[in-house]
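K.L.:
Output the structure for:
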Amino acid sequence: MVLEDLFRRPSALRRFRLPPLGPEMDGFCSWLQPQGFSRYVLRRRVWQASHFNQCLRRWGINACQDVQSSHAERFIEQHLPRCRCRGGLRGSRAGAQSTVRSLIEYLCQRGLLARSPPPAGPYDEVLQPYLDYLKGERHLAPKTLQNHRAHVTELLGEIGLPTLPRLNRLSPEQVLSFFTKHAEDTSPSQRRCLQGGVRSFLRFCLHQGYLERELSQAIPRLRTYQLCDVPRAISEADAHKTLACIDRTTPVGRRDFAILLMLYTYGVRGGQLRALRLQDIEWSQNRLRVPAAKGGKEIVLPLTEEVGESLLEYLCHARPQVPYREVFLTAQAPLRPLQASAVSPMVAQRLHAADVHPRRAGSHGFRHGFATRMLQSGQSLKAIADLLGHRNINTTFLYTKVDLAALHQLPLEWPEVSP
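P.N.:
All right, here's what the predicted structure looks like:
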């Protein structure tokens, strides 16, 4: 797609092709088109990109190679809030921000603009060496690194000690006060994550010489018991009820039905479905390769007839034709693979629409339900661990609590008490 496919007025075309970004506008249109935008939105985005281009000329930028990411931030943070340009702001300010950031992303992919490093934060002198250690020495996953960064940033921000010399003034009382405040009204898993992140950071600081005394012990030990929880499974009847309530005549309905059916049939995690790629569906061998997650193993599963039909219905009649290899995509522009926070809210919405209200509404309820059904049908824990992708079978022992047939054999008879 080129500009002439969207506009006919010669004056508008001349304006859009002015330097410094004018020579790239045709390519930008072609880059936006597969993302599912309507013709109206494409036209508006070109106008917004032209507005940014006009500001660049005012700032003395006349060549594309001189454009930097900082110019986009200047446009977004300084120009847009008080823009009075004639015909400049078309659509919302949020839309203009999205357009300019998309334009910068396009220029980076073209190799015309170097990606600027993220701006240095107020705590990077302390925080960055710790994150480098977690990544290089402990090989933690990106999501875990993100959690550690958030917890340590909160700690440093609250105590107001952003530099190394001042960090040595940290006291046990400050550490305990921080943990008590932030651990209150959180789930056990969130408290354990906070506890582990802050303790790890304090031990790192002691080893590096940033601290002169051990402070990790100031964080109280929260006693937890292995297998103390009970799986909150979605029952088979509720799962069938939810699937039956999905309108499969719409593209979103076909996508959501395929996702929920796979959650029910295989008990996979939502993250594994997001990572599933087209080549993972081996149609000729009638099997499915589910990517590993959380340090587990790749799972090879038989492709059932019902799941295969739901996938075909989605791929042939509902999935947009875009270059992404991920199976499940967003339904609205910009079209892209599902984000990390997309699956569980969708599952919760579908459960609510079917008048199903489990204690924990999310994709993991289907995983618990799958494991419960397998155990009740007589499958061994080893087989269930392999199907769930558990690296350690001890993780699977949690489901022994829902094997009611086996539990009925364990209680001792209550001794009779004579009056």
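
K.L.:
for the chain, where's the lowest mean pLDDT among helices and strands?
P.N.:
Every helix and strand of the chain was ranked by mean pLDDT, DSSP states H and E. The lowest is helix 404-407, at a mean of 52.

K.L.:
mind checking which helix or strand Gly369 is in?
P.N.:
helix 363-376 (DSSP states H and E).

K.L.:
So which elements touch that helix?
P.N.:
helix 236-244, helix 251-266, helix 270-275, helix 343-353, helix 381-388 (3 or more C-beta pairs under 8 Å, 6 or more residues apart in numbering; DSSP states H and E). Heads up, the C-betas are built off the backbone N, CA and C, glycines and all.

K.L.:
Distance to Leu32 added to the ones you listed, as a markdown table?
P.N.:
Rendered in a markdown table, the data for the helices and strands packed on helix 363-376 read as follows (distance: least, C-beta to C-beta, whole Å):
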| stretch | distance to Leu32 |
| --- | --- |
| helix 236-244 | 36 |
| helix 251-266 | 20 |
| helix 270-275 | 24 |
| helix 343-353 | 26 |
| helix 381-388 | 41 |
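
K.L.:
Which of these has the lowest mean pLDDT?
P.N.:
Note on the helices and strands packed on helix 363-376: lowest mean pLDDT is at helix 381-388, with a mean of 83.

K.L.:
Next, the buried residues of that one.
P.N.:
Neighbour-count burial for helix 381-388, counted by 16 or more other C-beta atoms under 10 Å, picks out 381, 384-388.

K.L.:
Please apply the same query to stretch 356-372.
P.N.:
Neighbour-count burial for stretch 356-372, counted by 16+ other C-beta under 10 Å, picks out 356, 358, 361-372.

K.L.:
okay but Tyr210 is in contact with Leu167, surely?
P.N.:
Yes - the criterion here is C-beta atoms under 8 Å, and Tyr210 meets it with Leu167 at 5.2 Å.

K.L.:
any idea which of the buried residues of helix 381-388 is closest to Ala94?
P.N.:
Closest approach to Ala94 among the buried residues of helix 381-388 (C-beta to C-beta): Leu388, at 41.0 Å.

K.L.:
picking up where we left off before, quick one: which of the helices and strands packed on helix 363-376 is nearest Cys108?
P.N.:
Closest approach to Cys108 among the helices and strands packed on helix 363-376 (C-beta to C-beta): helix 270-275, 23.9 Å.

K.L.:
Which residues are in contact with Tyr266?
P.N.:
With contact taken as C-beta atoms under 8 Å, 6 or more residues apart in numbering, Tyr266 is in contact with 288, 290, 299, 301, 307, 370, 387.

K.L.:
and what of Ala275?
P.N.:
291, 293, 326.

K.L.:
and the gap between the last one and Leu338?
P.N.:
Using C-beta to C-beta, to the nearest Å, Glu326 is found at 7 Å from Leu338.

K.L.:
Looking at those two, which has the bigger crowd around it?
P.N.:
When Glu326 is set against Leu338 and neighbours are counted by other C-beta atoms under 10 Å, the residue ahead is Leu338, at 21 against 17.

K.L.:
looking at it, the more buried one is touching Phe328, isn't it?
P.N.:
Yes - using C-beta under 8 Å, Leu338 makes contact with Phe328 at a distance of 5.3 Å.

K.L.:
hey, what's in contact with both of the two?
P.N.:
Jointly contacting Leu338 and Phe328 under the rule C-beta under 8 Å, 6+ apart are 273-274.

K.L.:
low-scoring stretches of the stretch 251-400 of the chain, by residue?
P.N.:
Applying pLDDT under 70 to the stretch 251-400 of the chain flags residues 295, 397, 399-400.

K.L.:
hang on, Leu303 packs against Asn286?
P.N.:
Yes - between Leu303 and Asn286 there is a contact under C-beta under 8 Å: 5.1 Å.

K.L.:
So for those two, which residue has more residues nearby?
P.N.:
Leu303 (17 against 12).

K.L.:
if I look at the more buried one, how far off is Val41?
P.N.:
Separation of Leu303 from Val41 (C-beta to C-beta): 37 Å.

K.L.:
do you know how far the residue nearest the centre of the chain is from Arg255?
P.N.:
Residue closest to the average C-alpha location in the chain (C-alpha atoms, centre = their mean): Ala340, at 2.0 Å. Per C-beta to C-beta, Ala340 is found 17 Å from Arg255.
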